[in-house]
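**Q** Sequence and predicted structure are below.
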Amino acid sequence: MSIHLVIIDAMNLIRRVHAAQPDPEDIASTIQVCNRALTKIIRSSEPTHIVAVFDHTEQDRGWRAGLVPEYKQGRKPMPEALQAGLDKIQDALWDMGIDSLLSSGDEADDMIATLAVKVASHDGQVTIVSTDKGYCQLLQPTLRIRDYFQQRWLDSPFIEKEFAVQPQQLTDYWGLTGISSSGVSGVPGIGPKTASTLLQRYGNLEQLYAAEDVEPKWQKKLDGTKELALRCKQVATLKTDITLGFNLQDIRYTAP
């Protein structure tokens, strides 16, 4: 039997749904809208396996903050009503036949990346449901990303249009430009247009910083920034070797 694993970036979906509700205290409405969204996702994707991956809720910002102390430092905390309602939301997912994967410390991004790459590398089809473009670094023929809210695929043509680089160059791109929403600075003075131009010409950060023919206007900005750029690239790179502690059989989808 061919496998189609659908991975829901749970808080990416839930926080957006919750933010759109007229009454933020009304968790029942959030659950109802999430259920409708997930029903549409299941109907359109016909998964053989499905799981919703939740971030850990502790204040620890993980290994990335050790590399870049500002990482996610200014991120808004989860609304109290939503935090209090997470157990109910997970119960509602369970009633739909969707199991939840909860982290005790690893970021959901890394857990999703690990699971997705593992299944895709064994010829399974994987669909990650998220608006997070960070997953696009994982793109391959059997691994795709669906933005449910914009009803679009975050695929290679999208990345080329949005960033003017190839998916495999995204972490190099963010090493240069940074990721403002996560507090990752990148190289001061290097914007999106310059970053894409440099990567089109030199391929990746390592080759860029080793090159001896970089134009002076760019070289001046790059001087002394190699360590910073490589740290920012590392922070932007998803881990694919997290210990997950379950097998695919545990998340087989059976319609309730």
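**A** Happy to help now that I have it. Computed from a prediction, not measured in an experiment: that's the story for all the values here. Residues are numbered from 1 along each chain as shown.
**Q** residues of stretch 235-244 that come out buried?
**A** Neighbour-count burial for stretch 235-244, counted by 16 or more other Cβ atoms under 10 Å, picks out V235, A236, T237, L238, I242. Backbone N, C-alpha and C define where each C-beta goes, glycine included.
**Q** measure the residue nearest to the third one when sequence neighbours are not counted to A236 for me?
**A** This points to T237. In space, and not counting its chain neighbours, T237 is closest to T171: 4.7 Å by Cβ to Cβ, 6 or more residues apart in numbering. Distance from T171 to A236, counting by Cβ to Cβ, to the nearest Å: 5 Å.
**Q** So which of the buried residues of stretch 235-244 is the closest to Y135?
**A** Proximity of those to Y135 (Cβ to Cβ) peaks at L238, which lies at 7.3 Å.
**Q** so what's S2 up against?
**A** T48, G124, Q125 (Cβ atoms under 8 Å, 6 or more residues apart in numbering).
**Q** Turn these into TSV, including neighbour count.
**A** Shown next, in TSV, are the contacts of S2 (neighbours: other Cβ atoms under 10 Å):
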residue	neighbour count
T48	18
G124	18
Q125	18
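**Q** Which of these sits closest to F158?
**A** Distances from F158 to those, taken by Cβ to Cβ, are shortest for Q125, at 18.7 Å.
**Q** For the residue nearest to T237, give its distance to L82.
**A** In terms of Cβ to Cβ, T171 sits 30 Å off from L82.
**Q** How about L67?
**A** 29 Å.
**Q** So which of the two has more stuff around it?
**A** Ranked by neighbour count (other Cβ atoms under 10 Å), L67 and L82 place L82 first, with 20 against 13.
**Q** does that one really touch R16, like I thought?
**A** No. When contacts are counted by Cβ atoms under 8 Å, L82 is not listed as touching R16 (11.2 Å).
**Q** if we can go back for a sec, which SSE is immediately downstream of the one helix or strand the residue nearest to T237 maps to?
**A** If you go by DSSP states H and E, T171 is part of helix 170-177. Toward the C-terminal end, the helix or strand that comes next after helix 170-177 (DSSP H and E) is helix 192-202.
**Q** and stretch 206-219, what's its mean pLDDT?
**A** Average pLDDT, stretch 206-219: 96.
**Q** swap that for stretch 183-197, sorry
**A** Rounded mean pLDDT across stretch 183-197 is 95.
**Q** Could you find the closest non-adjacent residue to K133?
**A** L154 (6.1 Å).
**Q** what number of residues lie near that neighbour?
**A** L154 has 23 nearby residues by other Cβ under 10 Å.
**Q** re the thing from before, take the buried residues of stretch 235-244 and write them to CSV, including distance to Y148.
**A** Below are these laid out as CSV (distance: Cβ to Cβ, whole Å):
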residue, distance to Y148
V235, 26
A236, 23
T237, 25
L238, 20
I242, 24
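**Q** K221: which of those is nearest?
**A** The closest of the buried residues of stretch 235-244, once distances to K221 are taken by Cβ to Cβ, is A236, at 19.0 Å.
**Q** I appreciate the help and will end here.
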